[in-house]
Structures are given as C-alpha cells and as structure tokens.
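**Student:** Just to be clear, the model below is a prediction. Sequence and coordinates:
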Amino acid sequence: MPFPFRALRRLTAYAVVVFITLGAAWVLDTRGRDAAARQECRAHVRLLTDFVRAEIIRYGPPADTGRALLERLDERLPLAFGGGRRMICEDDENGATCSYATRDFTRFPLTGDRSEWLVCERAGHHVDGLFVGLVDGSVQFVTREELGLDPDEPIVVGPQSTCEPLSQMTHDAVAGETAAVR
C-alpha cells in the first residue's frame, strides 16, 4: 500500500490553518484584555480626578496629599474599585497599598494652568506610559516619549523622578513598595 502523501499534505495544511487561527485569536484576546484594562485604569483616574477637583472647588487645595488624601476620598467613593481594595488597581503588581498618586499641593501649589496634573497612576500598569488627570478634568494617556524618557528608563512617580510633572506627584510609599517600572 503506497504512502498517502496527498492526505499528509492536506493534514499539514489543515494543521497550519488551525495554528494560524489559534495564534490570531490569542493575539486578539490579549489586545482586547489590554484595551479593557486601559479603559478601567482611565475610569479610575477619571473618578479620582473628579473627586480631587470637587475637593478643590469646595475647600481649596487640600492640606493632605498622596495616600492620605486618597484614603480620605476613599471613604466617600462608591464601590468603584471593588470591595475593600478601592485604591488598588487589579493590574497593580507592585505590592502597593495604593495604585495612584496625587499632586503634592504643599510643595507644588496650583498655578492656574489648566494642564497641571492632579492625579496619576503610580506606574507599573502600562510599560509605555500612564494615565493622568488634569485640573481641567480631562484624563490623558501620557507616553514615555511625552515624558521625555528613554525606552529603558524607568517611569518613577514622586520627588525622585527626573520628569518634572512626575516629580510633583506623591504617593507616600511605605517600606517595601516600589513606584518604578521598566
């Protein structure tokens, strides 16, 4: 009985089509999950920006900043972040107790520029940038390039940052937390 080369070619062709289809489905699923995670992060930053803006409108620039301000706001926030972990984004793998940072209003008072940052992610969720909430209420994704960072330079949030807007933010990290991502 001769070897069925035609059947083997058909089987190989089917296998290639199946592998290509599975690979494409995996890529699309990964991109879909990343897009969903980005939308969730944007929504969190939007919510926090709205609360900080309302605080400023009602009472003026807050005396507390960073985690202290966010914890105070956390008491008034709806269950937007999921029970008991409202200030932790699901994608935060930094071992953080808070996934966000606020402007250090004490060291960097508002100047009236509507593009000043109020809230930002602490870094770590997206390797290509982070979401920021501005005084005018908008939320933008700021890329590494827009921050003036090299591709291999870590995004650092807080006074130790080499990027001016990021250095004006604070998250009041506790020992063991990291706010940098490569």
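**Tutor:** Yep, it's here.
**Student:** gap between the closest residue to residue 113 other than its chain neighbours and residue 152?
**Tutor:** In space, residue 113 comes closest to residue 135 once its chain neighbours are excluded; the distance is 7.1 Å by C-beta to C-beta, 6 or more residues apart in numbering. Placement of C-beta: from N, CA and C, glycine included. Distance, residue 135 to residue 152, using C-beta to C-beta, to the nearest Å: 31 Å.
**Student:** which SS class is the residue nearest to residue 61 when sequence neighbours are not counted?
**Tutor:** Leaving aside its sequence neighbours, residue 61 sits nearest to residue 105 (C-beta to C-beta, 6+ apart; 4.4 Å). Residue 105 falls in the coil class when you classify it by DSSP: H, G, I helix; E, B strand; the rest coil.
**Student:** sorry, back to before: quick one: which of residue 135 and residue 152 has more around it?
**Tutor:** A direct count of neighbours by other C-beta atoms under 10 Å for residue 135 and residue 152 places residue 135 higher, at 19 against 7.
**Student:** Provide a list of residues in contact with the more buried one.
**Tutor:** 53, 110, 113, 114, 115, 116, 117, 118 (C-beta atoms under 8 Å, 6 or more residues apart in numbering).
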